[in-house]
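>>> Got a predicted structure plus its sequence, pasted below:
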Amino acid sequence: MRSTFVRTLTQIASHDERVVLLTGDLGFSVIEPFADAFPDRFYNVGVAEQNMVGLATGLADGGLVPYTYSIATFATLRPFEFIRNGPVLQHLPVRIVGVGGGFEYGHAGPTHHAIEDIAVMRTQDGLAIASPTDYEQAASALLALHDYPGPVYFRLGKDERRVVPGLRGAFHVGKLEVLRSGGQVALVTTGSISPEVAAASEQLAGQGIDVSFLVAGCLSPAPVEDLLEHLRGTRVAVVVENHSRNGGLGSIVCEVVAEHSLAVRVVRCGIDGHQPHGSGGGEQYLNDWHNLSASKICETVRQQLAVL
Amino acid sequence: MSVGDAQMQSAASMAHSVRRLVLGVSKRAGVGHIGSELSVADIVAALYSSVLHIPSPTDPARDRFVLSKGHAALALYAALYLRGWITREELTSYCSNGSHLGVHPERGTPGVDFSTGSLGQGLSVAVGAALAANITGSPRRVFALVSDAECNEGAVWEAAMFAAHRRLDSLTAIIDLNGQQALGYTADVLDLQPMGVKWAAFGWDVAEVDGHDLGALVGTLSALATGGRPRVVIARTTFGKGVSYMEGQVPWHYLPMSDSQYELAVAEVGGRE
């Protein structure tokens, strides 16, 4: 999604001279096409994420639409208070781009694993959050939110090949994308883990299990109406995300279900941040360790169906 | 730059009014931060009487001002009132329920360009505003008023590096060098000296002035920077300037005035506004 983001932003910038791209010294072999096309609107601000967000705040006041780019942890957590007091408090159109959800920076280790970014950013009312499932949806999300009046956080994956079959890049602000509906169990997911969940959904359906598959590419504004519509009548909602079980999509679903008294059991499949020391590894290994691989997701669904 | 008599008179008149308004409005609200507001009263008056080019507070081409030390907002509100951008009623609503004039300034109040209050953030925003002017080809200038203790924050130096690296000479930072912070003297808490040497080492054009000399302030702040370097004006100030019992006294970072303290202060600054 990184290259897709840069390619799409370059296209947008070719007819919107308000676009400015700032990077905190990251994006090697990814960000160059924009830098080459628009050297006057590209700034490597150095390893200084707080200043990057402060700069973006001042740029947005001046009528520009700045995008700040870094690894998701550094894009959101280090400058969080700058985001809060800058674009959010002052309603300015800053776009924060964080790359690598969950374990996408696997071997880089826990400092690079974005497992709280959604939870933290979701506390900011007025900040839109896009968490695209694949590169096609990332492009759509960028186009759909470029002119959004307030600030936006884009949580982008690194993969440029895997897609969610049948989605074809569909993205709507505040909506779910419904790939299969009406099941007694619903798989609900967001972000770059989605192709894995799509594979689980295919396997389960192939085994004759009645499963819905709902994709939340937009987490804020939350897809409340769509969740109500598609979870009503469902027995179990299995929410899968490469993020902490606390504060992300699983929490959104729990809030919607509880506040509207839906008779749905919610199972939150996410990351337990208390990973034992010495259990590092690559993305696939870590996803499987945290029960987020397609086979483990299928196992979870079967266990839930067995106790209905 | 020599400063004309009319300009001096206007700056002096505004400084006098800002001090008197700060005392009256903060007494009415029962709110502190008076020492900081008196420390910057002359700087704010110099800017708003004679330096900032602001045809209207909504003109996109206006100069920008970031009160990075947001806790001195009442001095800014007084200047906005004296420029006619907020009403007397709004000014005296300071810190009352439902007012948009709180202890720290918020964007949306006419004349307040940016919300501040969390120290260390304003200079970055000012640098961004200067960069925006560069990108869009605007001749507008940007000023940020930073407290000396605010330079404890690392993000100030992130912003300082970027502004120098990008040669943003439409930017002027003013350091309110009063030598005090919330719990003590800066020399005791976290020594900042030599302040000018630090900024020079970061690539800034450094000017030092008496922060209560209106002629020096107006002259230095009006001068356009040359050579592509952002300018820092280190303004040596006295915390609580103008009220003898507040001058240099740490507790006046927070304390509100009693009735008798208020009467004494009013007498010292030449009456009520």
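Thanks, I have the structure now.
>>> need the contact list for B:Leu192.
Contact analysis of B:Leu192 by Cβ atoms under 8 Å, 6 or more residues apart in numbering or on different chains lists B:148-149, B:151-152, B:186, B:198. All C-beta spots, glycine's among them, are computed from the backbone N, C-alpha and C.
>>> Just these: which are in helices?
B:186, B:198 (DSSP state H).
>>> nearest to B:Ala129, of the contacts of B:Leu192?
Set against B:Ala129, the nearest of the contacts of B:Leu192 by Cβ to Cβ is B:Cys151 (19.7 Å).
>>> where does the residue lying closest to that closest one once chain neighbours are set aside sit relative to B:Gln180, distance-wise?
What sits nearest to B:Cys151 in space, not counting adjacent residues and going by Cβ to Cβ, 6 or more residues apart in numbering or on different chains, is B:Leu192, at 5.7 Å. Taking Cβ to Cβ, to the nearest Å as the measure, B:Leu192 falls 11 Å from B:Gln180.
>>> Kindly report the same for B:Tyr81.
Taken as Cβ to Cβ, the span from B:Tyr81 to B:Gln180 is 27 Å.
>>> Equivalent analysis for A:Ser261, please.
Counting by Cβ to Cβ, the gap from A:Ser261 to B:Gln180 is 57 Å.
>>> and if you look at B:Leu224?
For B:Leu224, the distance to B:Gln180 - Cβ to Cβ - is 32 Å.
>>> just B:Glu106 next, same as before
Taking Cβ to Cβ, one finds B:Glu106 at 25 Å from B:Gln180.
>>> ditto for B:Arg140
In terms of Cβ to Cβ, B:Arg140 sits 32 Å off from B:Gln180.
>>> So for these two, which residue has more residues nearby?
B:Gln180 (28 against 20; other Cβ atoms under 10 Å in any protein chain shown).
>>> any idea which residue sits dead centre in chain B?
B:Leu145 (4.4 Å; Cα atoms, centre = their mean).
>>> quick one: contacts for that residue?
Counted by Cβ under 8 Å, 6+ apart, B:Leu145 has contacts B:40, B:43-44, B:65-69, B:72, B:122, B:173-174, B:176.
>>> Ramachandran angles for B:Arg236?
phi -80, psi 120 (degrees, to the nearest 10).
>>> Can you pull the phi and psi angles for the residue in the stretch 151-273 of chain B that chain A sits nearest to?
Residue nearest to chain A within the stretch 151-273 of chain B: B:Glu158 (3.7 Å; Cβ to the nearest Cβ). The phi/psi pair for B:Glu158 (degrees, to the nearest 10) reads phi -60, psi -50.
>>> Quick check: it touching B:Ser124?
Yes: using Cβ atoms under 8 Å, B:Glu158 and B:Ser124 qualify as a contacting pair, with a distance of 6.9 Å.
>>> any shared contact partners between those two?
A:50-51.
>>> quick one: which of the two has more around it?
Using other Cβ under 10 Å as the criterion, B:Glu158 and B:Ser124 rank with B:Ser124 on top: 33 against 24.
>>> what's near enough to touch the nearest residue to the more buried one once chain neighbours are set aside?
Leaving aside its chain neighbours, B:Ser124 sits nearest to A:Gly54 (2.2 Å; criterion: Cβ to Cβ, 6+ apart). With contact set as Cβ under 8 Å, 6+ apart, A:Gly54 has these partners: A:79, A:82, A:86, B:121, B:123-125, B:127-128, B:155, B:159.
>>> got it, and A:Cys298?
A:200, A:203-204.
>>> most surrounded residue in those residues?
A:Ala200 (26 neighbours).
>>> Please name the nearest non-neighbouring residue to B:Ser13.
In space, B:Ser13 is closest to B:Ser49, 7.6 Å off (Cβ to Cβ, 6+ apart).
>>> same question but for A:Gly27, I mixed them up
A:Tyr69 (5.8 Å).
>>> Look at the one you found and give its secondary structure.
strand (DSSP: H, G, I helix; E, B strand; the rest coil).
>>> Check A:Gly273 too.
coil.
>>> give me the number of residues near it?
For A:Gly273, using other Cβ under 10 Å, the count is 14.
>>> ditto for B:Asp191
Neighbours of B:Asp191 using other Cβ under 10 Å come to 9.
>>> try B:Ala75
28.
>>> how distant is whichever strand or helix holds it from the center of its chain?
Per DSSP states H and E, B:Ala75 falls inside helix B:73-82. When C-alpha coordinates are averaged (Cα atoms, centre = their mean, to the nearest Å), helix B:73-82 and its chain have centres 10 Å apart.
>>> Can you name every helix or strand that it contacts?
helix B:5-29, helix B:34-46, strand B:64-67, helix B:88-92 (3 or more Cβ pairs under 8 Å, 6 or more residues apart in numbering or on different chains; DSSP states H and E).
>>> my guess is A:Phe80 contacts A:Val120, does it?
Yes: the pair A:Phe80 / A:Val120 is scored as a contact, 6.1 Å apart, by Cβ under 8 Å.
>>> picking that back up, and the contacts of A:Cys298, which is closest to chain B?
The closest of the contacts of A:Cys298, once distances to chain B are taken by Cβ to the nearest Cβ, is A:Ala200, at 43.7 Å.
>>> just to revisit the earlier point, tabulate the contacts of A:Gly54 (TSV), appending pLDDT and secondary structure.
Listed next are those as TSV, based on pLDDT from 0 to 100; DSSP: H, G, I helix; E, B strand; the rest coil:
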residue	pLDDT	secondary structure
A:Pro79	98	coil
A:Phe82	98	helix
A:Gly86	98	helix
B:Gln121	97	coil
B:Leu123	98	helix
B:Ser124	98	helix
B:Val125	98	helix
B:Val127	98	helix
B:Gly128	98	helix
B:Ala155	98	helix
B:Ala159	98	helix
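>>> Using CSV, write out the CA atom coordinates for the helix or strand containing the residue nearest to B:Ser124.
For A:Gly54, the element it lies in under DSSP H and E is helix A:49-61. Taking C-alpha atoms only, helix A:49-61 is exported to CSV below (Å, rounded to 0.1, in the frame of the first residue of the first chain):
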residue,chain,number,x,y,z
GLU,A,49,8.0,13.5,14.2
GLN,A,50,6.8,16.1,16.7
ASN,A,51,8.1,19.0,14.5
MET,A,52,6.6,17.2,11.4
VAL,A,53,3.1,17.5,12.8
GLY,A,54,3.7,21.0,14.1
LEU,A,55,4.9,22.0,10.6
ALA,A,56,1.8,20.3,9.0
THR,A,57,-0.4,22.3,11.3
GLY,A,58,1.1,25.6,10.2
LEU,A,59,1.0,24.5,6.6
ALA,A,60,-2.7,23.6,6.8
ASP,A,61,-3.4,27.0,8.2
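>>> What residues sit buried inside it?
Using 16 or more other Cβ atoms under 10 Å in any protein chain shown as the test for burial, helix A:49-61 gives A:49-61.
>>> pLDDT score for B:Ser2?
Looking at B:Ser2, its pLDDT reads 65.
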